[in-house]
Structures are given as structure tokens and as C-alpha cells.
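S.K.: Sequence plus predicted model, see below.
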Amino acid sequence: MNAIKKILNNKLLFYIPLIIIMIISFLNMQNAKLLSSLYKYNLIKQILWYLLGFIILFIGKKININAILKYSAFLYILSNILLLLVLFFGKDINGAKAWFSIGPISFQPSEIGKITLTLLLCKVLSQRNIKNIKDEIKFIITILIFTFIPSILVFLEPDTGAIIYYLLIAFTVLILAKIHKFWFIILFLCLLLGLGSFIVLYLFNQDLLINLIGTSFFYRVERIITFKTSNSYQLDNAIIAMGASSLLGSGLNNVSIYIPEAPTDFIFAFTISNFGIIAGFIVLLSYLLIDIYLINKYFSSKKTIEKYILLNFIVIFLFGQLVNISMNLGLLPIIGIPLPFLSYGGSTLIIYFIFLAIVL
């Protein structure tokens, strides 16, 4: 038993799989150059993002978590200001204004919102003083208000994936608060009512629904609803690429089939296409080892606030894995959720490293 605990607490259980995922990500970015000139500098950028990420990880671990939480409200306000500004000055990509572009570098304020919302809600959770139903109501309202503000701003971009993450963070905090179960029943009924209203409008009055949520967001949601029946060029090519792959794939500097958004949304399928079923297995095993390390750290941690933040990160981390891989296999709709540490993207990568710097 002691030997198992020693293995689970060994940081190599975390760092070695992370480095393996990083190397596979670099190899994928090299092959992505063959897909489109748009991906020409992805490898260089990904290396730089990883370098910055590890610097943040090793420096950030030395900062006391209470010093960060002290400024959580300020950081939350700042991230919401960025979410507001991106609506006016952001770069329009695929019909969404979700990126600030500074020369060759782009970043998403919605990614920053993940960590600032987590920090603020966890601080509110740690300071809660719930003695009766009235206190529970005040606590729930506070959590919902803090969650809805960035969610509404992101809804206007629109960015479906970020909204889901924000709601996940809020739901995790509410569970940790150990409030009465009937609040979750009420929440479920409200979600059911909202979903039912959406379906009714979608089936019988789409014009009104478009006026309410906007054309861009409507078509994004419609794509989610109809993903089983619609013909998806992205998904079809991804499945063909995986199905036609051998144990070792097409190899470095050789691409077998074009997959749209291969470095981001379809990175898992792209990995298998490039380096085979074995590479896909190695990626899954690497994630499993990291997950085991983080979950063990959660249960072995003695600091309450650290456990709150760590659990939120685990939920976000697991959600990214499950949804992205399921998207690649055609089990879930394509909603723009990247695969943590493997997909290309500086904003997401840096936020994950900041989370790790706090919880490790």
C-alpha cells in the first residue's frame, strides 16, 4: 500500500506523461504545415507557448495561493472588461469575435475567464457562512450572478464552449458547498424548462428564436442539435483518417487526408492519422496517468481552498478530454472544445499551466 501511495505521489507520474503529450503535439504541428499555409508557424508558436507555460508553472508554484486569492475580485473584474472589449475590438474568426490579435499573437479573454471565475467562486465558497435556507439562497444567487456576467458576455461573441465551462465551474462550486439537494432539483427543472422552450421555438417559430439569440449562435446550436443527421465534412474526414490509419500512421512530414481544424478541434484524429493507433493509445494512457495523479493529489491535500481549486481544474481538464475525443469519434457534436495540452492554442495552454501552478 505504501509503495502504491509513493508512486501516486511521485511527480514523475505527472511530468513524464505531460512531456509525452507535448512532444506528440509538436510532431502534429510539424505535419499541420502540410495541411494549410495557415498552420505554417504553429510549431514555433506551440514551442514558445509551452516554454512560457513551464516558466509560469515553476515560478507560479512558489507563490502563496492566498496572495493570489487576495486579488481574485480584481482579476475577475479585469477579465470581464477584456470580454467586453473583445466584442468591440476583437478579431472576427468564423463569425465569432472572441480573439484579441496583436501582430502574429492572438488570445481569447474567455480562457482567462475560466481561471478568474474559478478563483473568485472558490474564495466565495471558502468564506461561506451558511446556517439556514436564507443563507443558502444568498450564496446561490451570488454564485449565479458571478457566473452569468462572463457567460452573457461570451454568449455575445458567441463562444458555446466557454459558456459550458463557466457553468461547469459554478455547478462544481455548488456541489462543494453541500447545499440542500432540492436546489439541484430546482436547477434541473429550470434547465429542463429552458431546453423545452428552446425546442418548442426551434420547431415552431425559428424566426423568434433567431431574434432572441442571434443568427450566429442559432446556427451553432442547430449544428449541435442536428450533428447526428447532418453531413459533417470535418467529422467524416476525421473518421476516415482514423479508420485508414495503421499502427504507426502515415509518419512525420506525410499527411494521408485533409482534416479541417486538425491542430485544434480534431487533434486526436490527426494524431492517429499521423502516428497510428499506437500513438492514440499513448495519448490516452498519458492523460489517464495525469488524471490519476491529480485526483490522488485532491484526496491527499489538506488545504481546503487548494482542494476547491484543484477539483475545479480536474473537472475542466476531464471535460476537455472526454468532449474532444468524443467529438473526434462522432459521439458528441462539434462545439470547439480543444484537447488539453495536445491541441494548438496559446490561450488555452497558458491557462492550464496557470491552473497547474496554483494547484501543484
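M.R.: Looks like it arrived, so ask away.
S.K.: Give me the contacts around stretch 338-348.
M.R.: 18, 21-22, 24-25, 28-29, 32, 39, 42, 45-46, 49, 105-108, 111-112, 263-265, 267-268, 271, 283, 287, 317, 320-321, 324-325, 349, 352 (C-beta atoms under 8 Å, 6 or more residues apart in numbering). For glycine as for every other residue, the C-beta is placed from the backbone atoms N, C-alpha and C.
S.K.: where in the chain is pLDDT low?
M.R.: For the chain, the stretches flagged by pLDDT under 70 are 1, 94-95, 104, 214, 216-231.
S.K.: center of this structure, which residue is that?
M.R.: The centroid of the chain falls nearest to residue 320 when counting by C-alpha atoms, centre = their mean (4.9 Å).
S.K.: how about residue 268, what does it touch?
M.R.: By C-beta under 8 Å, 6+ apart, the contact list for residue 268 reads 280, 283, 324, 325, 328, 339, 342.
S.K.: Show me the contacts of stretch 338-348 that map onto strands.
M.R.: Per DSSP state E, strands hold the following members of the contacts of stretch 338-348: 105, 106, 107.
S.K.: nearest spatial neighbour of the first one, skipping sequence neighbours?
M.R.: Put plainly, it is residue 105. Closest residue in space to residue 105, ignoring its immediate chain neighbours: residue 346 at 7.1 Å, by C-beta to C-beta, 6 or more residues apart in numbering.
S.K.: Same check on the last one?
M.R.: Of all residues not flanking residue 107 in the chain, residue 347 sits nearest, at 4.5 Å (C-beta to C-beta, 6+ apart).
S.K.: hmm, back to that, now the buried members of the ones in strands among the contacts of stretch 338-348.
M.R.: Taking 16 or more other C-beta atoms under 10 Å as the criterion, what is buried in those is 106, 107.
S.K.: wait, which of the ones in strands among the contacts of stretch 338-348 is closest to residue 67?
M.R.: residue 107 (24.1 Å; C-beta to C-beta).
S.K.: re earlier: with distance to residue 144 and neighbour count added, can I get the contacts of residue 268 in a markdown table?
M.R.: Output for the contacts of residue 268, formatted as a markdown table (distance: C-beta to C-beta, whole Å; neighbours: other C-beta atoms under 10 Å):
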| residue | distance to residue 144 | neighbour count |
| --- | --- | --- |
| 280 | 39 | 21 |
| 283 | 36 | 25 |
| 324 | 28 | 26 |
| 325 | 31 | 20 |
| 328 | 33 | 27 |
| 339 | 30 | 26 |
| 342 | 33 | 24 |
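S.K.: still on that earlier bit, would you show me how to pick out the buried ones of the contacts of stretch 338-348 in PyMOL?
M.R.: Buried members of the contacts of stretch 338-348, defined by 16+ other C-beta under 10 Å, are picked up in PyMOL with:
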select buried, resi 18+21+22+24+25+28+29+32+39+42+45+46+49+106+107+108+111+112+263+264+265+267+268+271+283+287+317+320+321+324+325+349+352
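S.K.: quick one on the thing from earlier: the residue nearest to residue 105: neighbouring residues, count only.
M.R.: Look at residue 346: counted by other C-beta atoms under 10 Å, it has 19 neighbours.
S.K.: how far away is it from residue 90?
M.R.: 16 Å (C-beta to C-beta, to the nearest Å).
S.K.: isn't residue 87 right next to residue 152, touching?
M.R.: No. Using C-beta atoms under 8 Å, residue 87 makes no contact with residue 152, being 10.9 Å away.
S.K.: Quick check: nearest residue in space to the residue nearest to the centre of the chain, chain neighbours excluded?
M.R.: Leaving aside its sequence neighbours, residue 320 sits nearest to residue 340 (C-beta to C-beta, 6+ apart; 4.6 Å).
S.K.: Three-state assignment for the one you found, please.
M.R.: coil (DSSP: H, G, I helix; E, B strand; the rest coil).
S.K.: Then residue 98?
M.R.: Under three-state DSSP, residue 98 comes out as strand.
S.K.: which helix of the protein spans the most residues?
M.R.: Counting residues, the longest helix found in the chain (DSSP state H) is helix 267-300.
S.K.: Just give me the neighbour total for the closest residue to residue 350 other than its chain neighbours.
M.R.: Excluding its sequence neighbours, the residue lying closest to residue 350 (C-beta to C-beta, 6+ apart) is residue 53, at 5.8 Å. Residues near residue 53, counting by other C-beta under 10 Å, number 22.
S.K.: What is the helix or strand that contains residue 53 packed up against?
M.R.: In the assignment (DSSP states H and E), residue 53 maps to helix 42-60. The helices and strands touching helix 42-60, judged by 3 or more C-beta pairs under 8 Å, 6 or more residues apart in numbering; DSSP states H and E, are helix 12-32, helix 346-359.
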